[in-house]
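Q: any chance you could fold what I've pasted below:
(one chain, ligands or ions: 1)
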Amino acid sequence: MTAPITIASLCHDFQDFRALHDIDLEIAAGEYIVLLGPSGCGKTTLLSILGGFIVPTQGAVKIGGRDMTGVAPAKRPTTTMFQDYALFPHMTLRDNVAFGLRMRGMARRERHARAERLLELVGLHGDAGKRPHELSGGQRQRVALARALAVEPDVLLLDEPLGALDLKLRRTMQDELKSLQREFGTTFIHVTHDQEEAMAIADRIVVMNRGRIEDVGPPTRVYQRPASLFAANFMGETNRLPATRGEHGLETPFGHLAPPQALIGDGPFTVCLRPEQIRSGTEGWALGSARVGDSAFFGTHFRCHLHCEDEAATTLIAHLPPEVQPQPGARLALSVDPAQLSVFAAEEVSS
Ligand SMILES: Nc1ncnc2c1ncn2[C@@H]1O[C@H](COP(=O)(O)OP(=O)(O)OP(=O)(O)O)[C@@H](O)[C@H]1O
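A: Residues are numbered from 1 along each chain as shown. All right, here's what the predicted structure looks like:
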């Protein structure tokens, strides 16, 4: 059971503060969507509107072609998994998972069988008789997920579901969420402010900023070709070079650059270079010579501060392969493939 979602011209005001501005978004049935953005950008508000907990000031939500205006949370084909899991402490895991099924009048034997199957699916085989306080944070998270999936919603809404877990467990649970979502074919809408988490699980990422959508697309596209300077900056580390429009292209502290994309406006502009796009060598756009400053080893690469000899004495952050041996004090010639660069109108970026 899955359903496409249409969000059209959605706005939401809290008194005189506009928390969401003109949100338009189509979500396909069975997609894994991640709403990504900094604290306060409106992710939870949007999720709460989809779940029916907040009535939007303007606009409409359709799920499976049905207008959700005036439809209460319990009557929607959605289930929300809240950040604090909200498991019932006095109930066994079996009863926690079966709770929604009991509310729907499913017979005891049938609902217990389904609860046990789901607990098995989330790796808690044999634990059905335990109570929540006997579990670790990650295990409680799995129970909450099993409980949310038990009622077979068309759409599962997840608000920072992995927020309370340590990094290693987050990674494991990211893989599990993704594989459960595939198995059930449910549409997942998952809120996070963690860009790596978004990249790891989303079919499409929705980058939000100050109540607006800045970019929507598959992780690779949003990372490699972000639609805005904000999205470029939020989706991972970037080096930002100031640029102006010259006679034949862009003028930067590193000299002339033929623009990799059509320029919009008169400038000034910002050229974004990802740390892994900077190479030791002279092919492509040459950035001249640089001295390696602080350098830290990350297993697959060194993350280096490179002090350049351009007219602005720019310091770039680069990820260089171990074979380059970027030891502090070493000198390197640097270059980038200009086709990989993104150029935006210059603006203040707060994150
Ligand atoms: N009930 C409320 N009354 C007034 N303002 C609110 C209310 N709920 C949220 N806001 C404001 O609306 C904006 C969006 O809040 P929201 O909780 O949707 O952000 P978020 O992106 O989910 O943030 P976080 O990651 O911190 O949870 C924020 O500026 C917040 O202060």
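Q: now do residue 261, the pLDDT please.
A: What the model reports for residue 261 is a pLDDT of 81.
Q: now do residue 350
A: 53.
Q: any low-confidence regions in the stretch 201-350 of the chain?
A: Within the stretch 201-350 of the chain, the stretches with pLDDT under 70 are 348-350.
Q: can you pull out the strands in it?
A: Applying DSSP state E, counting those that start in this stretch to the stretch 201-350 of the chain gives strands spanning 204-209, 212-217, 239-245, 250-252, 255-257, 269-273, 279-280, 285-297, 302-308, 315-320, 331-336, 342-345.
Q: need the ones you listed in TSV with distance to residue 172 and mean neighbour count, can you?
A: Just so you know, the C-beta spots here come from the backbone N, C-alpha and C atoms, and that holds for glycine as well. Formatted as TSV, these follow (distance: least, Cβ to Cβ, whole Å; neighbours: other Cβ atoms under 10 Å):
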stretch	distance to residue 172	mean neighbour count
strand 204-209	21	24
strand 212-217	26	20
strand 239-245	32	17
strand 250-252	43	21
strand 255-257	43	16
strand 269-273	32	22
strand 279-280	34	19
strand 285-297	25	17
strand 302-308	25	20
strand 315-320	25	20
strand 331-336	35	18
strand 342-345	33	20
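Q: indicate which one of those strands is closest to the ligand.
A: Comparison of the strands of the stretch 201-350 of the chain against the ligand by Cβ to the nearest ligand atom identifies strand 204-209 as nearest, at 6.8 Å.
Q: how about that closest one, does it reach the ligand?
A: No - against the ligand, strand 204-209 shows no contacts by Cβ under 6 Å from any ligand atom, the least distance being 6.8 Å.
Q: over to stretch 217-233?
A: No - judged by Cβ under 6 Å from any ligand atom, stretch 217-233 and the ligand are separated, with a smallest distance of 13.9 Å.
Q: what sits up against that stretch?
A: Applying Cβ atoms under 8 Å, 6 or more residues apart in numbering, the external contacts of stretch 217-233 come out as 198-199, 202-205, 207, 209, 214-216, 235-236, 238, 240, 270, 272, 340, 342, 344-347, 349, 351.
Q: just the CA trace of that stretch, in CSV.
A: Extracted in CSV, the C-alpha atoms of stretch 217-233 (Å, rounded to 0.1, in the frame of the first residue of the first chain):
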residue,chain,number,x,y,z
GLY,A,217,16.8,16.0,-6.2
PRO,A,218,18.8,12.8,-5.8
PRO,A,219,21.7,13.0,-3.5
THR,A,220,24.4,12.9,-6.2
ARG,A,221,22.8,15.7,-8.2
VAL,A,222,22.2,17.9,-5.2
TYR,A,223,25.8,17.4,-4.0
GLN,A,224,27.4,17.8,-7.4
ARG,A,225,25.1,20.4,-9.0
PRO,A,226,23.4,22.2,-6.1
ALA,A,227,20.6,24.6,-7.2
SER,A,228,21.7,27.4,-4.8
LEU,A,229,24.7,28.6,-2.8
PHE,A,230,22.8,27.7,0.4
ALA,A,231,22.3,24.1,-0.8
ALA,A,232,26.0,23.8,-1.9
ASN,A,233,27.1,24.9,1.5
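Q: what mean pLDDT does stretch 140-149 have?
A: Here the average pLDDT along stretch 140-149 is 87.
Q: alpha carbons of that stretch, in CSV - could you do that?
A: Provided in CSV are the C-alpha atoms of stretch 140-149 (Å, rounded to 0.1, in the frame of the first residue of the first chain):
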residue,chain,number,x,y,z
ARG,A,140,14.0,1.1,21.5
GLN,A,141,14.3,2.9,18.2
ARG,A,142,13.8,-0.4,16.3
VAL,A,143,10.7,-1.2,18.4
ALA,A,144,9.3,2.2,17.5
LEU,A,145,9.9,1.5,13.9
ALA,A,146,8.3,-1.9,14.1
ARG,A,147,5.3,-0.3,15.8
ALA,A,148,5.0,2.3,13.1
LEU,A,149,5.2,-0.3,10.3
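Q: so how far is that stretch from its chain's centroid?
A: Its chain's C-alpha centre and that of stretch 140-149 lie 21 Å apart, by Cα atoms, centre = their mean, to the nearest Å.
Q: again, but for stretch 319-338
A: 30 Å.
Q: ditto for stretch 59-76
A: That offset, for stretch 59-76, works out to 25 Å (Cα atoms, centre = their mean).
Q: any residues touching it, and which ones?
A: Under Cβ under 8 Å, 6+ apart, the answer for stretch 59-76 is 3-11, 22-23, 49-53, 77-78, 80, 154-155.
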